[in-house]
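Peer 1: need a structure here:
(chains A and B)
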Amino acid sequence: MDLTLKIWRQANATAKGKFETYTVKNISPDSSFLEMLDILNQQLIEDNIATPVCFDHDCREGICGMCGLYINGRAHGPDKGVTTCQLHMRKFKDGDTIVIEPWRAKPFPIIKDLVVDRTAFDKIIAAGGYVSVNTGGIPDANAIPISKKDADTAMDAAACIGCGACVASCKNASAMLFVAAKVSQFAHLPQGKVEAKERVKNMVSKMDEVGFGNCTNTGACEAECPKEISILHIAKLNREFFAAKIC
Amino acid sequence: MSNVFTFSIGKKLVMALMGLFLCAFLVVHLGINLALIFSSTTEAFNKAAHFMGTNPVVKAMEIGLFGGIFLHILYAAILTLKNWIARPVGYKIGNNQQTSFFSKYMVHTAVIVAIFLVLHLFDFYVKAKFQHGFVNDVVYDGKTYHDLGTLVLERFKIGWVVVVYVIALLGLGFHLIHGFQSAFQTMGLNHPVYTPIIKAVGYIYSVAVTLGFIAIPVAVYFFK
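Peer 2: Here you go, the predicted structure:
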């Protein structure tokens, strides 16, 4: 496959960025999107055309949440329920022009090229996205009864890898699906109920503080989430919030 | 309860509750207006308008109504402004994913409805309430009423007025289609079984209210 790539290049956080156009040839349809970018970078270095394009990645198995590119107007590209690293070139056609952009949101400032700083998510997690436990002996796995339904729902929410595709695809750059997944994950489990009220208040407060937009229930986040997390969890977040603040 | 409205979700709750309150108001408003086209005289409409204008309970609710509109717009403005600030640099290729069509244009339809609301209020409500002699009096059974019905009929005989009303009401309809079901999601009411029913009810409500309101100027223009 021969492809034309329009890629956002930005030297650093404060530099003015712009799109640069590159071409890559003989790309295998079986290669992943990131492998295609590896080939481009190799070419840029060997032919001394430009500095390599920076992009985030780690496990390349779709589970770490590090990769995230906005490809042809869609977070993680045209495939459904996959991260950028699991997107394969067979989803494109020979001769295609592919526009690659970084996540765009004020709380996700660009570090370089396609790499954004997602520390805002860490701040939200630090505000309450955990369960406090005392150290001691390992508790018996089945000592606390949890229904299959609750365990499954909590697991669905826990599938969130914090990649930021929800923020990237939301027209308001809202982080509600991310926060909802983290709150809902614990709200469905007995271990999470102890700190439930403080957790939801603190996490929503931090979400507002770091500058994410507000949910308008468009559903773009669940459509683009690589883990296909449902906006049912956003409703759960809202219920948890009202229970904590009003009841 | 303290400072719940300082949170984004608290502000959205106010918008949702006020939105549904305004949805209920629209039904009452439409019910009274339909008297104009389903009755051969303006008597039923004038009597209903008189009741709405003089009943102390309705008058108290009128304050709530204007308060509801104000809060809905105020919080919408605050939240929308924050949304715009949250993405200072947009994408070269905007998102084209399969999401609700109407939800993408809530701000646009809101502006249409807000402009229309101002025009509509000045057209009838303000003039009838504060401009002395603007409305003629009419007597039924020895009691004097404002002849608002005739005023409305005369207004809807003007072609461009009818066109403006139809366009604005379509904007309202599009706003309602997303707004109705979105309010329930904001209140935390999302359920695999009941949410499709809420969405269907919201759709039927929005279409019925929109067509009902559009029918009035159109019917008056062509048939009265």
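
Peer 1: Let me see the contact set for the most centrally placed residue in chain A.
Peer 2: Ranked by distance to the mean C-alpha position of chain A (C-alpha atoms, centre = their mean), the top residue is A:Cys163 at 1.9 Å. By C-beta atoms under 8 Å, 6 or more residues apart in numbering or on different chains, the contact list for A:Cys163 reads A:65-68, A:76, A:83, A:226. The C-beta positions use only the backbone N, C-alpha and C, and glycine is treated the same way.

Peer 1: Below-threshold pLDDT in the chain: ranges please.
Peer 2: Here I'm looking at chain A. Under the criterion of pLDDT under 70, none of chain A is flagged as low confidence.

Peer 1: hmm, I had chain B in mind actually
Peer 2: Counting by pLDDT under 70, chain B has low-confidence residues at B:1-2, B:96-98.

Peer 1: Any idea how many residues pack against B:Gly90?
Peer 2: In terms of burial, B:Gly90 registers 10 neighbours under the definition other C-beta atoms under 10 Å in any protein chain shown.

Peer 1: can you tell me how far it sits from A:Lys182?
Peer 2: As for B:Gly90, its distance to A:Lys182 is 27 Å (criterion: C-beta to C-beta, to the nearest Å).

Peer 1: What of A:Lys236?
Peer 2: Taken as C-beta to C-beta, the spacing of A:Lys236 relative to A:Lys182 amounts to 11 Å.

Peer 1: who has more neighbours, the two?
Peer 2: Set side by side, A:Lys236 and A:Lys182 show unequal neighbour counts under other C-beta under 10 Å, the larger going to A:Lys182 at 27 against 23.

Peer 1: What separation do you get for that one and B:Leu36?
Peer 2: Taking C-beta to C-beta as the measure, A:Lys182 falls 54 Å from B:Leu36.

Peer 1: Dump the contacts of A:Cys163 into TSV; add secondary structure, neighbour count and distance to A:Asp122 as well.
Peer 2: Below are those laid out as TSV (DSSP: H, G, I helix; E, B strand; the rest coil; neighbours: other C-beta atoms under 10 Å in any protein chain shown; distance: C-beta to C-beta, whole Å):
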residue	secondary structure	neighbour count	distance to A:Asp122
A:Gly65	coil	20	12
A:Met66	coil	19	13
A:Cys67	coil	25	17
A:Gly68	coil	29	15
A:His76	coil	27	21
A:Thr83	coil	29	19
A:Pro226	coil	28	19
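
Peer 1: A:Glu61 reaches A:Cys85, doesn't it?
Peer 2: Yes - A contact is recorded between A:Glu61 and A:Cys85 when judged using C-beta atoms under 8 Å, the distance being 7.2 Å.

Peer 1: who has more neighbours, these two?
Peer 2: Neighbours per residue (other C-beta under 10 Å) separate A:Glu61 from A:Cys85, with A:Cys85 holding more: 25 against 9.

Peer 1: so where do the helices sit in the chain?
Peer 2: This is for chain A. Under the criterion DSSP state H, chain A carries helices at the ranges A:33-46, A:119-126, A:148-158, A:165-169, A:176-187, A:190-193, A:196-209, A:220-224, A:232-245.

Peer 1: The intended chain is chain B.
Peer 2: Using DSSP H, the helices found in chain B span residues B:8-38, B:43-54, B:56-86, B:106-120, B:127-130, B:148-155, B:159-186, B:194-223.
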